[in-house]
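*Asks:* Below are the sequence and a predicted model for it; my questions follow.
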Amino acid sequence: MCKAADALPHPKNAYGQGPRQQNHNEAAFRLRETTMIQQTSKGQTESPTGDNEFAKLGLSRHLCDAVSAAGYETPTPIQEKAIPMVLRGSDLLGCAQTGTGKTAAFALPILHHLADDTKHGGARRIRVLVLAPTRELAAQIGASFGTYARGTRLRHHVIFGGVGKGPQKKALRAGLDILVATPGRLLDLMGEGLINLSGVTHLVLDEADRKLDMGFIKDVRRIVKEVPRNRQTLLFSATMPDEIRNLAKNILRDPQHVAVDPVSSTVEPISQAVYFVEKSHKINMLLKLLQDRDLDVDRALVFTRTKHGANKVAKKLDIARVSAAAIHGNKSQTARERALAGFKRGDLRVLVATDIAARGIDIKELSHVINFDLPNEPESYVHRVGRTGRAGLTGAAISFCAFDERSYLRDIEKLIKRTLDRPAGSPPDVRPEPDRPAVRTSFTPRADSRSGSQQRTRSGGRYTGNNTRSNNRGGAGTETRSQNSRRRRRR
């Protein structure tokens, strides 16, 4: 059960070296809170009662203006609850589905802290480290920091694998305030002595559950050891399995908990339906849906379980003259960025992706998510459908379910606590019977339309007369199968 932000106990501050410094920072926060309206100094006016709802959360006017310029006036539930907590300096364990505004929930208060840190001076050092599981998500987070920090002197950069290290090394040598990184490339550059994390005051782990799925947890633990213990740590995840809770216990200090949606929930404006269709017919069903004018599929993100499957679907769509591209871990970063940019511009109608590659895809007006293959982990379904229905818009999620995927469907419906719609006219949930003869389980003689000499009879525990024929060589009689076989061998 989540408590209201204003009812939470005041947590210890992440910046203090001891009780005296901690009390100083808490007093400073209260002082800022009481003098927000009165303070006016060179564009840093703060007003909690302005027209922008974000100002009421305690953010500076500059940040509120940046948020307004980005087109946002009202905070989402995760932002409304998390921002005051982060401003107070508490560690945070946040659980919210994708598309709910988690990035702004940590980026805005962190930027507020950095702008308010008057003690910072001299050479720049990394004060904020944000870890993301995929390149696309890292790029998205970096873009958000760039949007909200526009007009300030704060520097940020994004580093990830799949591209050359040259520009990344240049940015690191020039000095950064905020670093957004994937674990693998970060460890590579740390090994080369280019990254020093001793000055980090804010550590953010975003999409922690996906880091777990991708096997990054050991890398995360290695990185955390290089960060000062006296820091503020924020852990966000769309789902909260036990492994993530255990990780949180080890790296968070007295964290506040925010769960604006149940772990199993999906965004309400999303309609969700399932079609029962065998694997060999899925591509035809996909093409049929794309051509259905009633569905009005403007742009669709299609999920497959494997990289090979993504390539195969994209190729068949291209043959059918549907503009499509595939993105997955085997694609170069350049190819992934080109495909994603084309999809956002509307040059591509369909983007086919695997679960990992799709993390970080943020397209506000994505009309449809199509699960070509159902995920074998029900939590991944929540992640997938969260790509549509963002920013309060409506969306649709359509799933194809083959017979051998029915157990996945049951797990998904159990997790989200709802039954997916079965559209009228969709095939029933039955397994098609293959064309094969029935298997006989007894020796009971059966009626046969053949002549008497050809009918099967039973004598002495052996079958005789099956494929029998008159013995034209020497009178009446029959030949058994074995006799017939020996005759053919002698010939």
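*Replies:* It's in.
*Asks:* use CA for all of it now, contacts and neighbours both
*Replies:* Will do.
*Asks:* check contacts around Lys218.
*Replies:* If you count contacts by C-alpha atoms under 8 Å, 6 or more residues apart in numbering, Lys218 has none.
*Asks:* if I look at it, how far off is Lys225?
*Replies:* Distance, Lys218 to Lys225, by C-alpha to C-alpha, to the nearest Å: 11 Å.
*Asks:* Show me where the stretch 101-250 of the chain dips below the pLDDT cut-off.
*Replies:* Scanning the stretch 101-250 of the chain for pLDDT under 70 picks out 118-122, 212-215.
*Asks:* just the strands in it please.
*Replies:* For the stretch 101-250 of the chain, the strands defined by DSSP state E, counting those that start in this stretch cover 128-131, 156-159, 178-181, 202-205, 232-237.
*Asks:* Which among those strands is found nearest to Arg321?
*Replies:* Closest to Arg321 of these is strand 156-159 (C-alpha to C-alpha; 36.1 Å).
*Asks:* Tell me which residues are up against that closest one.
*Replies:* Under C-alpha under 8 Å, 6+ apart, the answer for strand 156-159 is 138-139, 142, 145-146, 168, 171, 176-182, 185-186.
*Asks:* List the pairing partners of it within its sheet, with orientation.
*Replies:* When sheet partners are counted by DSSP bridges, strand 156-159 sits next to strand 178-181 (parallel).
*Asks:* Distance from the strand it pairs with to the middle of the chain?
*Replies:* Distance, stretch centre to chain centre, for strand 178-181: 20 Å (C-alpha atoms, centre = their mean, to the nearest Å).
*Asks:* Could you do stretch 327-344 as well?
*Replies:* Offset of stretch 327-344 from its chain centre (C-alpha atoms, centre = their mean): 16 Å.
*Asks:* Do you have the helices of the stretch 101-250 of the chain handy? List them.
*Replies:* Taking DSSP state H, counting those that start in this stretch, the helices of the stretch 101-250 of the chain run over residues 102-116, 135-148, 166-174, 183-191, 208-213, 217-225, 242-251.
*Asks:* Now those in a markdown table, please, with extra columns for distance to Arg299.
*Replies:* Rendered in a markdown table, the data for the helices of the stretch 101-250 of the chain read as follows (distance: least, C-alpha to C-alpha, whole Å):
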| stretch | distance to Arg299 |
| --- | --- |
| helix 102-116 | 24 |
| helix 135-148 | 19 |
| helix 166-174 | 33 |
| helix 183-191 | 31 |
| helix 208-213 | 25 |
| helix 217-225 | 34 |
| helix 242-251 | 33 |
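*Asks:* Which of those helices sits closest to Thr233?
*Replies:* Counting by C-alpha to C-alpha, and looking across all of the helices of the stretch 101-250 of the chain, nearest comes helix 242-251 at 7.6 Å.
*Asks:* angle of that closest one against helix 217-225?
*Replies:* Per axes from the mean of the first three to the mean of the last three C-alpha atoms, to 10 degrees, the angle that helix 242-251 makes with helix 217-225 is 20 degrees.
*Asks:* Helix 242-251 to strand 232-237, inter-axis angle?
*Replies:* Using the same axes, to 10 degrees: helix 242-251 against strand 232-237 is 180 degrees.
*Asks:* Pull up the gap between the residue lying closest to His156 once chain neighbours are set aside and Ile126, please.
*Replies:* Take His156 and drop its neighbours on the chain: the residue closest to it by C-alpha to C-alpha, 6 or more residues apart in numbering is Ile178, 4.5 Å away. Using C-alpha to C-alpha, Ile178 is found at 6 Å from Ile126.
*Asks:* Mind checking which of these two has more residues around it?
*Replies:* Ile178 (24 against 21; other C-alpha atoms under 10 Å).
*Asks:* wouldn't Ser399 be in contact with Val277 here?
*Replies:* No - using C-alpha atoms under 8 Å, Ser399 is not in contact with Val277; the gap is 9.7 Å.
*Asks:* rewinding a little: which one of the strands of the stretch 101-250 of the chain lies closest to Gly94?
*Replies:* Going by C-alpha to C-alpha, the one of these nearest Gly94 is strand 232-237, 4.7 Å.
*Asks:* what lines up beside that closest one in the sheet?
*Replies:* Strand 232-237 pairs in its sheet with strand 92-95 (parallel), strand 202-205 (parallel), by DSSP bridges.
*Asks:* ok, back up a step: closest to His257 out of the helices of the stretch 101-250 of the chain?
*Replies:* helix 242-251 (10.8 Å).
*Asks:* Pull out the CA atoms of the following helix or strand past the closest one and give them to me as CSV.
*Replies:* Counting by DSSP states H and E, the next helix or strand C-terminal to helix 242-251 is strand 256-259. C-alpha atoms of strand 256-259 as CSV (Å, rounded to 0.1, in the frame of the first residue of the first chain):
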residue,chain,number,x,y,z
GLN,A,256,10.5,4.9,0.2
HIS,A,257,8.2,2.8,-2.0
VAL,A,258,6.0,4.1,-4.8
ALA,A,259,3.7,1.8,-6.8
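*Asks:* Quick one: list the elements packing against the helix or strand that strand 256-259 is followed by.
*Replies:* Using DSSP H and E, the helix or strand that directly follows strand 256-259 along the chain is strand 270-276. The helices and strands touching strand 270-276, judged by 3 or more C-alpha pairs under 8 Å, 6 or more residues apart in numbering; DSSP states H and E, are strand 395-401.
*Asks:* Verify the stated contact: Ser237 with Asp209.
*Replies:* Yes - counting by C-alpha under 8 Å, Asp209 is a contact partner of Ser237 at 5.9 Å.
*Asks:* returning to what we had before: out of the contacts of strand 156-159, which is nearest to Pro77?
*Replies:* Among those, Phe145 lies closest to Pro77 (C-alpha to C-alpha), at 19.9 Å.
*Asks:* excluding its backbone neighbours, what's nearest that closest one?
*Replies:* Using C-alpha to C-alpha, 6+ apart, the closest residue to Phe145 is Ala107 (6.4 Å).
*Asks:* Break down the stretch 301-450 of the chain into its strands, ranges please.
*Replies:* In the stretch 301-450 of the chain, the segments counted as strands under DSSP E, counting those that start in this stretch are 324-327, 350-353, 368-371, 395-401.
*Asks:* what would the ones you listed look like in JSON lines with distance to Arg387 and mean neighbour count?
*Replies:* Shown next, in JSON lines, are those (distance: least, C-alpha to C-alpha, whole Å; neighbours: other C-alpha atoms under 10 Å):
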{"stretch": "strand 324-327", "distance to Arg387": "15", "mean neighbour count": "26"}
{"stretch": "strand 350-353", "distance to Arg387": "12", "mean neighbour count": "27"}
{"stretch": "strand 368-371", "distance to Arg387": "7", "mean neighbour count": "25"}
{"stretch": "strand 395-401", "distance to Arg387": "9", "mean neighbour count": "23"}
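*Asks:* Take those strands and write them to CSV, including mean pLDDT.
*Replies:* Supplementary listing: these in CSV, determined by pLDDT from 0 to 100:
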stretch, mean pLDDT
strand 324-327, 93
strand 350-353, 94
strand 368-371, 94
strand 395-401, 93
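*Asks:* Serialize those to a markdown table and add fields for distance to His202.
*Replies:* Formatted as a markdown table, the strands of the stretch 301-450 of the chain follow (distance: least, C-alpha to C-alpha, whole Å):
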| stretch | distance to His202 |
| --- | --- |
| strand 324-327 | 32 |
| strand 350-353 | 32 |
| strand 368-371 | 34 |
| strand 395-401 | 35 |
